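Student: Got a sequence here, can you build the structure:
(one chain, ligands or ions: 1)
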Amino acid sequence: MSTTLEPGWGSDAGAALPVAIEVLRRGPISRAEIGRRLGLSHASLSRLSAPLIERGVIHDVGEHSNGRVGRPSRLLDVDASSHFFLGIKIRESEIVAAVTDLRGEVVESTAVPLSDRSPAAVVQQVKDLHRAFEVSHTVTAIGIGIGGAVHDRRTVISAGFLAWEEIALADLIEQETRIPTLVENDVVALCEYEDWFGFASHDERFAVITLGIGTGFGLVINGQPIVGDDYGYGLVGHWPMDPTGPLCHQGHRGCAAALLNSDAIARYATEALGHDVTFDEAVELAAEGHPAASRIVHDAARGLGVLIAAVCNLTLPDRIIIAGEGVRLAVVGHDTVQGKARELRDPRAHTPPIDYSSGDNVEWARGAAVLAIQAFALGTLAAVQ
Ligand SMILES: [Zn+2]
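Tutor: All right, here's what the predicted structure looks like:
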């Protein structure tokens, strides 16, 4: 059985595609601004945008005056609710799912427990989620984010937390849902969101550091996440931070896993306070000035400062985004993080702006949806066989 598929914008937009992508990422946006960003004359932009308007890909949304004398600039936009995408983040014990519009805005989300980690069971859960969301939104494509190594946005090479090796996840989900599906490492997916629609949508080079059950790192240069075959092993998760720090389970002293991981912080706080303390509770106690919790959280914050100094020195980012469910640690420890990063850097070097995401798990699912949005917009969605 084969399904005909709406091919997406890119398949026949040709030279007009960059115009459509600019309007998608930044609209409503004036024609003058698009022309400036893409280096197009007024005439060229008119010629390229006319067929897009004809096809309903973009449309005029009135005029915008900047208050100066002269002709007001006409604004272009997309209809963000013309298409919907399903983003899925597979976690150790749950699946987080979100439906987004064409701009990655979440319109619906849910989380379901993951009791059976076999690929067949996970695929069935994705199929059930898709079916449930289809009642209210027709899904154009599905994006899956997973903490592991992924090949070609289709095959999970390795995902240790699920004990998966070489799982053709996109194929399996497409067979069940008949919806084009992309799979990618979850941090890369988050980077794609930040690049297209998030904090970094005007930056050429930015880094994402994720905090939570592990420490993740992503670098994007000119729209390209810097990845390779080893990327999905979470290599920065054991970055050395404090030669006098505690040991991680792999025997590194004071690595990122030993200092920053949420389960490690919960364990230290539980030991120090003599009763069960979660990661979130430990960070809030630190925010209130509790001495033992503060010591643990600020040790972690210094570790994060070491990592940020290294990221700045080695990659020269225009911006750093801290994300993941452990982001509150970086917010509470902000001054400590900054102080440690400055201490380790040349005093002449500037610190790039640091943004904090909300830390909501739905952000991971939204990132996964952006994989699908990009493939739709760029016309790279493959027809489901
Ligand atoms: Zn380690």
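Student: what about the nearest residue to Phe376 once chain neighbours are set aside, distance to Ala269?
Tutor: Ranked by Cβ to Cβ, 6 or more residues apart in numbering and with sequence neighbours excluded, the top spatial neighbour of Phe376 is Gly8, at 4.1 Å. Bear in mind the C-beta positions are built from the backbone N, C-alpha and C, glycine included. Taking Cβ to Cβ, to the nearest Å as the measure, Gly8 falls 48 Å from Ala269.
Student: neighbour count winner among these two?
Tutor: Ala269 (25 against 22; other Cβ atoms under 10 Å).
Student: near the ion at all, stretch 196-216?
Tutor: No. Figure legend: stretch 196-216 not in contact with the ion (Cβ under 5 Å from the ion); closest approach 9.9 Å.
Student: how long is that stretch from one end to the other?
Tutor: From its first residue to its last, stretch 196-216 covers 20 Å (Cα to Cα, to the nearest Å).
Student: Return the set of buried residues in that stretch.
Tutor: 196-200, 203, 205-216 (16 or more other Cβ atoms under 10 Å).
Student: In strands, which of the residues you listed appear?
Tutor: Using DSSP state E, the subset of the buried residues of stretch 196-216 located in strands is Arg205, Phe206, Ala207, Val208, Ile209, Thr210, Gly216.
Student: Rebuild these as TSV, extending it with distance to Asp318.
Tutor: Shown next, in TSV, are these (distance: Cβ to Cβ, whole Å):
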residue	distance to Asp318
Arg205	5
Phe206	6
Ala207	9
Val208	13
Ile209	15
Thr210	19
Gly216	19
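Student: burial of the closest residue to the ion within the stretch 51-200 of the chain, as a residue count?
Tutor: The nearest approach of the stretch 51-200 of the chain to the ion comes at Gly160, 14.1 Å away (Cβ to the ion). The tally of other residues near Gly160 (other Cβ under 10 Å) stands at 13.
Student: Surely it and Arg117 touch.
Tutor: No. Using Cβ atoms under 8 Å as the test, Gly160 is too far from Arg117 to be in contact (11.3 Å).
Student: which SS state does the residue nearest to Leu285 when sequence neighbours are not counted fall under?
Tutor: Among residues not flanking Leu285 along the chain, Ala293 sits closest, at 3.6 Å (Cβ to Cβ, 6+ apart). Per DSSP: H, G, I helix; E, B strand; the rest coil, the local secondary structure of Ala293 is helix.
Student: residues from this protein in reach of the ion?
Tutor: So the chain meets the ion at His238, Cys248, Gln250, His252, Cys255, Ala257 (Cβ under 5 Å from the ion).
Student: now the strands for the stretch 1-150 of the chain?
Tutor: Ranges of strands in the stretch 1-150 of the chain, per DSSP state E, counting those that start in this stretch, are 29-30, 59-64, 73-77, 84-90, 94-100, 106-113, 139-146, 149-151.
Student: Can I get those strands in CSV including mean neighbour count?
Tutor: Converted to CSV, the strands of the stretch 1-150 of the chain look like this (neighbours: other Cβ atoms under 10 Å):
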stretch, mean neighbour count
strand 29-30, 19
strand 59-64, 13
strand 73-77, 19
strand 84-90, 27
strand 94-100, 25
strand 106-113, 15
strand 139-146, 26
strand 149-151, 21
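Student: any idea which of those strands scores lowest on pLDDT?
Tutor: Mean pLDDT values for the strands of the stretch 1-150 of the chain show the minimum at strand 59-64, a mean of 82.
Student: What strands flank that strand, and is each parallel or antiparallel?
Tutor: If you go by DSSP bridges, strand 59-64 pairs up with strand 73-77 (antiparallel).
Student: Keeping just the C-alphas, turn the partner strand into CSV.
Tutor: The C-alpha trace of strand 73-77 is given here as CSV (Å, rounded to 0.1, in the frame of the first residue of the first chain):
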residue,chain,number,x,y,z
SER,A,73,5.8,48.2,4.4
ARG,A,74,3.4,45.3,3.7
LEU,A,75,3.7,42.4,6.0
LEU,A,76,3.8,38.7,5.0
ASP,A,77,2.8,35.8,7.2
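Student: residues making contact with it?
Tutor: The contact list for strand 73-77 (Cβ atoms under 8 Å, 6 or more residues apart in numbering) reads 23, 27-34, 49, 58-66.
Student: One more pass at 10 Å, please.
Tutor: Strand 73-77 is contacted by residues 19-20, 22-24, 26-35, 45, 49, 52-53, 58-66, 103 when judged by Cβ atoms under 10 Å, 6 or more residues apart in numbering.
Student: With stretch 111-126 instead?
Tutor: With Cβ under 10 Å, 6+ apart as the contact definition, stretch 111-126 has outside contacts at 86, 88-98, 128-129, 132, 142, 144, 146, 156, 159, 161-164, 167-169, 171-177, 179, 181, 361-362, 365.
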